[in-house]
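Enquirer: Need coordinates for the following:
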Amino acid sequence: MKSTQIRQFLYQAVSLGMIIASALMVWKGLICITGSESPVVVVLTGSMEPGFKRGDILFLYMSKDPIRAGEIVVFNDGRKVPIVHRVIEVHERRDTREADILTKGDANDMDDRVLYTSSQHWLQQKYIKGRAVGFLPYVGYVTIIMTEKPVIKYILLSALGLLVITSKE
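Expert: Alright, predicted model coming up:
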């Protein structure tokens, strides 16, 4: 009877490992398909209202096409959290075909120059992580709640782990 319990525990551990590995494969597949380092992001602030609200999930795609004014992009120039804002101005350099970009949140009064690192006045194209191509409203609140209240995250993960370990097949 003891070997049956060990076998069942190993089976459940392998099942959990397969679930985690499958999620990672899906994520890496999305990265390859979309060309974006982060194909899905959560809007964390109200700076893009009314278009996108806090808690919306954005789907990103990064193509080789030039970035144009009016597009909603996600950029990260070295900070912990990427920023979702609209491109309001683009200056393309003729010699290198690189673009300098100015962004602004729809609900903000000023452009983002104060947000760019090391007192840059323009955002370099290399910091753009993707362009918004779709969204799911409010679904990202789960992520926001788990980030702002880590106790809830630990309770949820413990409950899921307990469910996997105690389930019988």
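
Enquirer: now the strands: where do they sit in this protein?
Expert: Using DSSP state E, the strands of the chain run over 40-42, 57-61, 72-75, 83-92, 99-104, 123-124, 128-136.

Enquirer: Could I get the ones you listed in TSV, plus columns for mean pLDDT and mean neighbour count?
Expert: Backbone N, C-alpha and C define where each C-beta goes, glycine included. Conversion of the strands of the chain to TSV gives the following (pLDDT from 0 to 100; neighbours: other C-beta atoms under 10 Å):
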stretch	mean pLDDT	mean neighbour count
strand 40-42	91	21
strand 57-61	93	20
strand 72-75	93	22
strand 83-92	91	18
strand 99-104	90	21
strand 123-124	86	20
strand 128-136	92	19
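
Enquirer: quick one: which of the ones you listed is nearest Ile33?
Expert: Comparing those against Ile33 with C-beta to C-beta, the closest turns out to be strand 57-61 (8.6 Å).

Enquirer: Setting aside sequence neighbours, what's the nearest residue to Arg68?
Expert: With C-beta to C-beta, 6 or more residues apart in numbering as the criterion, Arg68 has its nearest non-adjacent residue at 6.4 Å, and that residue is Val90.

Enquirer: Could you chop the chain up by domain?
Expert: 1-34, 40-137 (the TED database).

Enquirer: Dump the strands of the chain into CSV; add distance to Lys2 as well.
Expert: Shown next, in CSV, are the strands of the chain (distance: least, C-beta to C-beta, whole Å):
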stretch, distance to Lys2
strand 40-42, 44
strand 57-61, 46
strand 72-75, 53
strand 83-92, 54
strand 99-104, 62
strand 123-124, 62
strand 128-136, 47
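
Enquirer: OK, contacts around the residue nearest to Arg68?
Expert: Under the criterion of C-beta atoms under 8 Å, 6 or more residues apart in numbering, the neighbours of Val90 are Pro66, Ile67, Arg68, Ala69, Ala99, Asp100, Ile101, Leu102.

Enquirer: Fine by me, we can end here.
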